[in-house]
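J.: coords please:
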Amino acid sequence: MSGEKFGEFVRRAREAKDIGLREMAKMIGVSPTYLSKVERDEFAPPAEDKVRAIAQIIGCDVDELLARAGRVSTDLSDIIKRHPVELAALLRTTKGLNAEDIARLARNAQKAKDK
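T.: Next comes the predicted model:
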């Protein structure tokens, strides 16, 4: 994930999809003025439901866009609250691992869950 701010990332992705500001604002249920200010990083990123809608429209992974917005998906937050110690330990073990290694861990966890 690049260091690009939420707003500039959304604006660049929206423009790459050739979606106008007013059209996108209507699609996610906000005013064009509000979306413009979000894209210029004058306003904080919108609520999770709006971020999810934006991700779907621009074809971006929801969790990546939520991370750019400085948020964690509600379902992940709920999981962390149920197992805070274990998940904190698990996440700390991933420090220093590359994306491929983390993906392998996720696949192994999925296999364990499926048993």
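
J.: count the residues that sit near residue 28.
T.: 17 (other C-beta atoms under 10 Å). C-beta: built from backbone N, CA, C; applies to glycine.

J.: what's the longest helix in the protein?
T.: helix 99-114 (DSSP state H).

J.: name the residues that touch that one?
T.: 94, 97 (C-beta atoms under 8 Å, 6 or more residues apart in numbering).

J.: show me the contacts for residue 29.
T.: Contacts of residue 29 by C-beta under 8 Å, 6+ apart are 50, 53.

J.: to clarify, my last question referred to residue 28.
T.: Under the criterion of C-beta under 8 Å, 6+ apart, the neighbours of residue 28 are 35, 46, 50, 53, 54, 57.

J.: of the residues you listed, which is the nearest to residue 12?
T.: Closest approach to residue 12 among the contacts of residue 28 (C-beta to C-beta): residue 54, at 12.4 Å.

J.: surely the closest one touches residue 65?
T.: Yes: at 6.5 Å, residue 54 counts as touching residue 65 under the criterion of C-beta atoms under 8 Å.

J.: find the residues that touch each one of the two.
T.: The contact lists of residue 54 and residue 65 share residue 10, where a contact means C-beta under 8 Å, 6+ apart.

J.: for this protein, just list every one of the helices.
T.: 6-16, 21-28, 32-39, 48-58, 62-68, 74-82, 84-93, 99-114.

J.: and the longest one, how far out from the chain's middle?
T.: This points to helix 99-114. 20 Å (C-alpha atoms, centre = their mean, to the nearest Å).

J.: just want the angle from it to helix 84-93.
T.: 150 degrees (axes from the mean of the first three to the mean of the last three C-alpha atoms, to 10 degrees).

J.: equivalent analysis for the first one, please.
T.: Inter-element angle recorded for helix 6-16 and helix 84-93: 70 degrees (by the same axes, to 10 degrees).

J.: noted, bye for now.
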